[in-house]
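[1] Could you look at this predicted model? Sequence included:
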Amino acid sequence: MTDPMPPAAPSALAAEPVGPAASPPDRPSLPPGRWIRENLFPNARNSILTVFAILVALFTYRGLLNFMFSEERSWIAVRTNLRLMFTQAYPEHQYVRVWVTVGIVMVLAGLSAGIWARWGGVTLKRLMGWLMSGGGLIAVGVLIREPSVLTDAAGETVRDDAGELVRESFAAAMADRWVWWAVALVLFALGLALWLRFDDLARRTSEIPVAWLVFGLPGLLVASTWVIRYGHYAFADGEFIAEPGQLVAMSTRVPWTVMWLLLIGCYGLGRVARERAIASAQAAADASDDVEVAEEGAGGEGAPELPRGALAKTRAVVNLAWVLSPFFLYWVVMRDPEIDYAHVFSTMLPMGLAFGVAGSAVLWWLTRSDAGEVGRLAAIGLLLLAAFHWVAAFFGWYSMLQVARIAFLLLAVAGLLAPNFAGVAAQRRRLVGAWLFVVLLVFYGATVINAPSTIETPTDMFIGGFSVTLLVSVLTIMLSFPIGVLLALARTSRQPIFRVLSTVYIEVIRGVPLITLLLFFSGVLPLFLPDGMEIAELAAAILGYTLFSAAYLAENVRGGLQSIRRGQYEAADAVGLTTTQRTGFIVLPQSLRVSIPPLVGQVIATFKETSLLAIIGLFDFLRMANSVVPNQSQFLGVRREGLLFISVVYWVVAFAMSKYSQRLEQRVGLGQR
Amino acid sequence: MSTQPAHGDATIAVSDELAARDDMIVCRDVDKWFGDFQALSGITATIKEQEIVVVLGPSGSGKSTWIRCINRLEAHQSGQIIVDGIELTNDLRNIEKIRSEVGMVFQQFNLFPHLTVMDNITLAPIWVRRKSRPEAEELAESLLERVGIPEQAQKFPGQLSGGQQQRVAIARALAMEPRVMLFDEPTSALDPEMIKEVLDVMEELARSGMTMMVVTHEMGFAREVADRIIFMEEGEIVEVGTPHHFFTEPAEERTKLFLSQVL
Ligand SMILES: Nc1ncnc2c1ncn2[C@@H]1O[C@H](COP(=O)(O)OP(=O)(O)OP(=O)(O)O)[C@@H](O)[C@H]1O
Ligand SMILES: [Mg+2]
């Protein structure tokens, strides 16, 4: 990439395409004047359209700026309520939990970014473009925004005799905005400096890792809070604090600095691990076969790829941590269980042990190679027994802890799976191990869920705002994905009963408005639950969203399933794969990658649809901006600022997801051709 | 338990064995319908261990249908198909057993496009034969060597030529260490210059003692490599014989007509 190229004279460079071999074929770039003439004003009609479009854009831009900078705006409402909007009334002395959560996400994000390092780069040329057009845009904004309203010594707006607001003169306005001029100039100058400094095409098309930008800009922002006096606005102990000209509060500055350091540190760790893996794979390849490596080296250009299979364990652990973290963090944020140890030692522990030991014995017996039909019958017997407990619970024949019913059911499922693990000792041990793990998980979960939380808060729902939006969307997406895939498989299965059930489910759900489902799950569902079982409002909402989203995901996956040619099924059958293996290794991977765009679309839709949570009484991000902040005595009726702010946050997240999906598509498309 | 007709006619049932010991594939009166249309009628044939049988016949004569019945990609409705002593019934265990004994190569290759060549080959040995990954990879490397493309292991199928893809498909089938290989027109989707590389691999395979059943339009291959040729038309076996007999003195009118068209 950085090969020295004969430096071409800047003037010649624009018109002349570069030599074929030296650098990647670049679209021959036209000088700006000609580009504008050819693309924007090629003929009368297009010129009119261009002028019209520019005018529309300018007016929109001006309107937005006037809105944002109007003296009526009270952005202080947003600044003061930032915490409230993100985590609602989360108790101050427990706030460290929130930071732990953010910290874990940062660690994982840093590690993943470092290990996979798939972010690609931004060419210098584009960076220069961004800088210069950013500067230009700000300059234009400064010019077109209307002059500010004059205020008198007391801070009141000045009105003329007719009652109209008096605005400062244009010249005064321009002078007043010197900070913005400076920002615009700096950006533009930076771009220009880069442009002049890197004056040959090869260097202009060289890339800066996106990671630098993604980590660097927040880093700059975090660092600046230590220097620049952004002002301190907050609610603390029910008091409204407004201290312009102060540094941002320590309780914000310090954690964010730590977060950024965690992110960057873990990124570094990941990078180091990656470089090592590449180096050792290279060394191994060098040692084994020189010729082959030379050939591959010539083929693969650019950044060295992580060799296949390298770091497999680390990658698996990081991936698993990503999958499990939402469920774990849910507990970190939501609960501080007050565990009743007497109950644990008298009931939960012995019961868990009993299920662990007895269940292992049963499974060990069921996986004997000669268990045969007797084994199958025994497993079915277990299933009937488990089902009976649930029926009994429904009619209230006898009481039994819910966790025991669940454990019986899980044991029955394991029993039905047992023939797949029969015979080989290693396989049998694996099944028993899995069973013990499940027992541990279930009994631990039951203990923690049933324990009351010690987090005390002024309101019943102490978590709200963006954190609820995020929590519900992440859990919904993670839970609905497997369900959606199963539904899609069922709908395309050869078993008519599966097909009918799945079709009915999907069509019913798709025919019902989401809001109805949510109301049903938050209001009606609790009435259907057996005695002694409660479900948190938030969990009910997540359930509703999950069932809804699963139906749509299923349809997207089904589209992918239908694109798999029959030959793929036949080839998988012909090499002797079982139906499950065929589905898991051949059919699903191919159909999921076909359905990435609609799947991501559905994920983004789910994220935005969490704003309906407000209707069932939860305090989500939208509700914070729309009703909580405007009802505060200091900020009565201040609504539009908050709405604009949350729109930007929603947009940033959705845009990031859609960008990520584009990258994902490109990557999995690799080698497909 | 009697074993007297060791090389006898397989249509005569051997008292309590399903087939003679060295009969690899035995078909008895196999019928197959697609709805009302009878695609196979009364197919009776035996393929012995290490035998190379080429199946010829005009388009639509049921060659693919027959070969696909042998590893249960299609189910036959009546008659018996016995592979390596195991009868094909609706019993899933028998089907799985037979599929892991029988390798199949398709006209359209049917490689798994999302897996590398290496993964295409090792998938089944690892998950069906329960081999360890290093063991499976070693096997895959030796097979790629055998089919002449050891350097392509890390590529994806889409990056290979047709001939290379078909050779990978052969390696994939061989990786299961099958007792029989079925080929359904393995060279029909290939450009002429790639046909030879695939036929060479098949010839080498034949010389190594593999039992093979090959549907093909390559008369040269049939003449040189086949031990026996089976000629089919309209779902029936019309004539069976050695290549010499078949190409020089065919008995049936229909065979003569077919030969006059293709030669
Ligand atoms: N799935 C199916 N449903 C209905 N009819 C089928 C099906 N598959 C094959 N047939 C019919 O069965 C007959 C035999 O088909 P088969 O594919 O076995 O022929 P073939 O000898 O392999 O021909 P070719 O040389 O063209 O491949 C044909 O008439 C075909 O139309
Ligand atoms: Mg055919």
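    Everything's here; your move. Residues are numbered from 1 along each chain as shown, chains lettered A, B, ... in the order given. Ligands and ions are numbered 1, 2, ... in the order given.
[2] Check what pLDDT residue 41 gets.
    Since you didn't name a chain, this refers to chain A. We have a pLDDT of 81 for A:Phe41.
[3] hm, I was asking about chain B
    93.
[4] what do you get for the one 4 residues further on?
    The score at B:Ala45 is 94. That number is its pLDDT.
[5] Restricting to C-alpha, output the one helix or strand A:Leu353 maps to in PDB.
    Using DSSP states H and E, A:Leu353 sits in helix A:349-366. Output in PDB follows, covering the C-alpha atoms of helix A:349-366 (Å, rounded to 0.1, in the frame of the first residue of the first chain):
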ATOM      1  CA  LEU A 349     -29.200 -27.000  47.600                       C
ATOM      2  CA  PRO A 350     -30.400 -30.500  48.500                       C
ATOM      3  CA  MET A 351     -33.000 -30.500  45.700                       C
ATOM      4  CA  GLY A 352     -30.400 -29.300  43.200                       C
ATOM      5  CA  LEU A 353     -28.000 -32.000  44.400                       C
ATOM      6  CA  ALA A 354     -30.700 -34.700  44.100                       C
ATOM      7  CA  PHE A 355     -31.600 -33.700  40.600                       C
ATOM      8  CA  GLY A 356     -27.900 -33.500  39.700                       C
ATOM      9  CA  VAL A 357     -27.000 -37.000  41.000                       C
ATOM     10  CA  ALA A 358     -30.200 -38.800  40.200                       C
ATOM     11  CA  GLY A 359     -30.500 -37.200  36.800                       C
ATOM     12  CA  SER A 360     -26.900 -38.100  35.900                       C
ATOM     13  CA  ALA A 361     -27.500 -41.700  36.900                       C
ATOM     14  CA  VAL A 362     -30.600 -41.800  34.800                       C
ATOM     15  CA  LEU A 363     -28.900 -40.300  31.800                       C
ATOM     16  CA  TRP A 364     -25.900 -42.500  32.200                       C
ATOM     17  CA  TRP A 365     -28.200 -45.500  32.100                       C
ATOM     18  CA  LEU A 366     -30.200 -44.200  29.100                       C
END
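[6] Counting by contacts, list what it packs against.
    helix A:372-395, helix A:402-417, helix A:425-450 (3 or more Cβ pairs under 8 Å, 6 or more residues apart in numbering or on different chains; DSSP states H and E). From N, CA and C alone the C-beta is placed, and that goes for glycine too.
[7] Show the average pLDDT along it.
    pLDDT averaged over helix A:349-366 gives 93.
[8] What lies in contact with that helix?
    For helix A:349-366, contacts defined as Cβ atoms under 8 Å, 6 or more residues apart in numbering or on different chains pick out A:371, A:375, A:378-379, A:382, A:401, A:403-404, A:407, A:411, A:414-415, A:418-419, A:422, A:428, A:431-432, A:435-436, A:439-440, A:443.
[9] buried stuff in stretch A:239-247?
    A:Leu247 (16 or more other Cβ atoms under 10 Å in any protein chain shown).
[10] Can you pull the residues of the stretch 451-600 of chain A lying near chain B?
    A:567-568, A:570-578, A:581, A:585-586, A:589-590, A:593 (Cβ under 8 Å from any Cβ of the partner chain).
[11] Buried ones only from the residues you listed, please, as a ChimeraX command.
    In ChimeraX, a selection of the buried entries from these looks like this (16+ other Cβ under 10 Å):
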select /A:568,570,571,572,573,574,575,576,577,578,581,585,586,590,593
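[12] ok, B:Asn90 - contacts?
    Contacts of B:Asn90 (Cβ under 8 Å, 6+ apart): B:Ala75.
[13] So it, which state does it fall into?
    Assigned by DSSP: H, G, I helix; E, B strand; the rest coil, the conformation of B:Asn90 is coil.
[14] Relative to A:Asn556, how far out is A:Gln282?
    Going from A:Gln282 to A:Asn556 by Cβ to Cβ, to the nearest Å gives 40 Å.
[15] pLDDT weak spots in the chain?
    You didn't pick a chain, so chain A it is. Filtered on pLDDT under 70, chain A yields the residue ranges A:1-30, A:118-119, A:237, A:288-309, A:335, A:423, A:453-463, A:528-536, A:669-673.
[16] Can you look at chain B instead?
    Ranges of chain B meeting pLDDT under 70: B:1-20.
[17] Who are the contact partners of the residue nearest to the spatial centre of it?
    Geometric centre of chain B, nearest residue: B:Leu182, 1.2 Å, by Cα atoms, centre = their mean. B:Leu182 is in contact with B:67, B:70-71, B:102-105, B:212-214, counting by Cβ under 8 Å, 6+ apart.
[18] Pick out the most distant pair among those.
    B:Asn71 and B:Val214 (14.5 Å; Cβ to Cβ).
[19] Not counting sequence-adjacent ones, nearest residue to A:Phe67?
    Spatial nearest neighbour of A:Phe67, excluding adjacent residues (Cβ to Cβ, 6 or more residues apart in numbering or on different chains): A:Arg73 at 7.3 Å.
[20] What residues does that neighbour make contact with?
    A:67, A:640-641.
[21] and stretch A:58-74, how far from the chain's centre?
    Taking Cα atoms, centre = their mean, to the nearest Å, one finds stretch A:58-74 lying 31 Å from the centre of the chain it belongs to.
[22] How about that stretch, which residues are buried there?
    Buried, per 16+ other Cβ under 10 Å, within stretch A:58-74: A:62, A:65, A:73-74.
[23] got it, and stretch A:349-367?
    Neighbour counts over stretch A:349-367 (16+ other Cβ under 10 Å) mark A:351-352, A:355-356, A:359-360, A:362-363, A:366-367 as buried.
[24] quick revisit: considering the contacts of B:Leu182, which possesses the most neighbours?
    Counting neighbours by other Cβ atoms under 10 Å in any protein chain shown, the top entry in the contacts of B:Leu182 is B:Gly103, with 29 neighbours.
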